[in-house]
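Engineer: Got a predicted structure plus its sequence, pasted below:
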Amino acid sequence: MAQQLYYSVDQVADLLGLHVRTVRSYVRDGRLKATRVGKQYRITREDLAVFTGAPAPASVGRVRHAEVSAVVQIDAISAEEATRLVNTVVATVQGPRSGGAADHLRVEHVYDEERATLKVIVLGGLEATAELLKVIDALSEQPA
């Protein structure tokens with residue numbers, strides 16, 4: 001079976017788990033290189049690889065994927081403790097892990113000084129998120 005040399009915007013959206021409009025926006029903004037064929041864009045495997053920073057998949061198809069969106073709220077935490085916890089969590093996320101794309105994690109945080117409350121928002125694969133939640137749990141239990 002020959003490998004596909006060009007992808008449609010719909011195929012790229014499926015591959016990357018994005019909405020078709022988002023991919024078209026990337027093309028129009030010049031972030032994703034594409035060639036216009038008639039009224040449609042075509043993206044080469046090489047351009048997709050450059051855009052994603054990884055080799056383009058050999059076939060287009062849907063693969064079951066599960067992700068977690070979690071919000072962790074920690075009350076009665078000082079700004080200094082919150083900063084230390086967030087810095088450790090971010091370092092953990094940016095550090096080396098064994099998994100691939102399914103291991104991708106995104107972390108955001110919000111600290112409310114008036115309420116002394118920290119919210120950590122975690123988005124990612126099931127296993128990686130579970131491991132990170134264990135880290136947050138251990139860090140949130142540590143006395144100052």
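Structural biologist: Good, I have the coordinates. Residues are numbered from 1 along each chain as shown.
Engineer: can you name the farthest residue from the center of the protein?
Structural biologist: In terms of distance from the mean C-alpha position of the chain, Gly38 ranks first, at 33.0 Å (C-alpha atoms, centre = their mean).
Engineer: So for that one, what's the pLDDT?
Structural biologist: We have a pLDDT of 82 for Gly38.
Engineer: likewise the one 10 residues further on?
Structural biologist: At Leu48 the predicted local distance difference test score is 88.
Engineer: now swap in Ala58 and tell me
Structural biologist: 59.
Engineer: List the contacts of the closest residue to Lys33 other than its chain neighbours.
Structural biologist: Distances taken as C-beta to C-beta, 6 or more residues apart in numbering put Asp47 closest to Lys33, at 4.2 Å, once the chain neighbours are dropped. Any C-beta I mention is one placed from the backbone N, CA and C, and that applies to glycine too. Contact analysis of Asp47 by C-beta atoms under 8 Å, 6 or more residues apart in numbering lists 32-34.
Engineer: go with 10 Å
Structural biologist: 6-7, 12, 27, 32-35, 56 (C-beta atoms under 10 Å, 6 or more residues apart in numbering).
Engineer: Would you format the residues you listed as CSV with distance to Ala82 included?
Structural biologist: What follows is the contacts of Asp47, written out as CSV (distance: C-beta to C-beta, whole Å):
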residue, distance to Ala82
Tyr6, 48
Tyr7, 43
Val12, 39
Val27, 40
Leu32, 37
Lys33, 41
Ala34, 43
Thr35, 48
Ala56, 40
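Engineer: So which of those residues is surrounded by the most neighbours?
Structural biologist: Val12 (27 neighbours; other C-beta atoms under 10 Å).
Engineer: which residues sit in contact with that one?
Structural biologist: Applying C-beta under 10 Å, 6+ apart, the residues near Val12 are 18, 20, 22-24, 26-27, 32, 34, 41-43, 47-48, 51-52, 56, 60.
Engineer: same question, Ser69
Structural biologist: Neighbours of Ser69 in contact, by C-beta under 10 Å, 6+ apart: 106, 121-124, 129.
Engineer: if you look at those residues, which of them are in strands?
Structural biologist: The strands, defined by DSSP state E, take in 106, 121-124 from these.
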